[in-house]
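> Need coordinates for the below:
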Amino acid sequence: MSDTLITVVAILLAAILMFVFPLLSISERGDDISQLSVNSAVTEFVDNSRAIGKITMDNYNKLVNTIYATGNSYDIEMEVKVLDENIGKKSAWTQGTVIGENVYYSVYTSQITEVLEDKGIYTMKEGDIFSCSVKNTNKTLSQTIRSVFYSIKGSDTYSIAAQHAGVCTANGSN
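Take a look at the predicted model:
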């Protein structure tokens with residue numbers, strides 16, 4: 001009886017080593033490839049938008065198509081910190097670009113996409129700060145396998161994420 005038990009345990013252990021761990025390794029490599037693709041797409045989207053001073057519907061759709069081509073679903077968050085040129089009546093400064101006196105207000109994803117859907121373009125000006133972050137919202141295969149072995153719980157866990165930000169270098173209204 002003990003020989004049979006040892007044989008069953010050995011077969012189960014061999015099955016885990018032969019099938020589950022290679023599957024986990026391959027699925028993690030898939031997540032790594034998706035991570036690289038999403039990271040480069042977000043970086044390209046933000047840098048192109050900053051360079052021309054505009055967020056265009058074409059560039060946004062290109063970002064969405066590129067990241068969804070990985071087979072996952074994502075939450076895309078954008079923020080534009082708009083440089084407020086009216087820094088107050090009490091100020092004696094003649095320029096809004098004086099260090100330490102710049103004031104920003106934020107415009108978020110819902111407002112940006114609303115303008116994109118209406119006009120097809122969201123314009124920024126020099127000095128605005130544009131940032132974009134992307135996180136996957138679905139559970140990937142490697143997350144599922146890891147949760148079985150490591151008992152990882154929670155819906156806020158994600159394995160694919162990218163973010164990029166920078167200062168706008170051109171006026172989009174030109």
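
> residue ranges of the helices in the chain, please?
Listed in chain order, the helices of the chain (DSSP state H) span 2-15, 21-52, 57-68, 109-119, 141-150.

> For K135, find the nearest of the ones you listed.
Ranking the helices of the chain by their distance to K135 (criterion: CB to CB) puts helix 21-52 first, at 9.3 Å. In this view, the C-beta of every residue, glycine as well, is placed from N, C-alpha and C.

> packing partners for the closest one?
Using 3 or more CB pairs under 8 Å, 6 or more residues apart in numbering; DSSP states H and E as the contact definition, the elements that helix 21-52 packs against are helix 57-68, strand 129-136, helix 141-150, strand 161-167.

> Now do the buried residues in the last one.
Spelled out, it's strand 161-167. Neighbour-count burial for strand 161-167 flags 162, 164 (criterion: 16 or more other CB atoms under 10 Å).

> returning to what we had before: to H164, which of the helices of the chain lies closest?
Smallest distance to H164 across these (CB to CB): 4.3 Å, for helix 21-52.

> In that closest one, which residues are buried?
Within helix 21-52, the residues scored as buried using 16+ other CB under 10 Å are 24, 27-28, 30-31, 34-35, 37-39, 41-42, 45-46, 49-50, 52.

> pLDDT on that helix, on average?
Along helix 21-52, the predicted local confidence has a mean pLDDT of 92.

> how far does it sit from the chain's center?
Between the mean C-alpha point of helix 21-52 and the mean C-alpha point of its chain there is a distance of 9 Å (CA atoms, centre = their mean, to the nearest Å).
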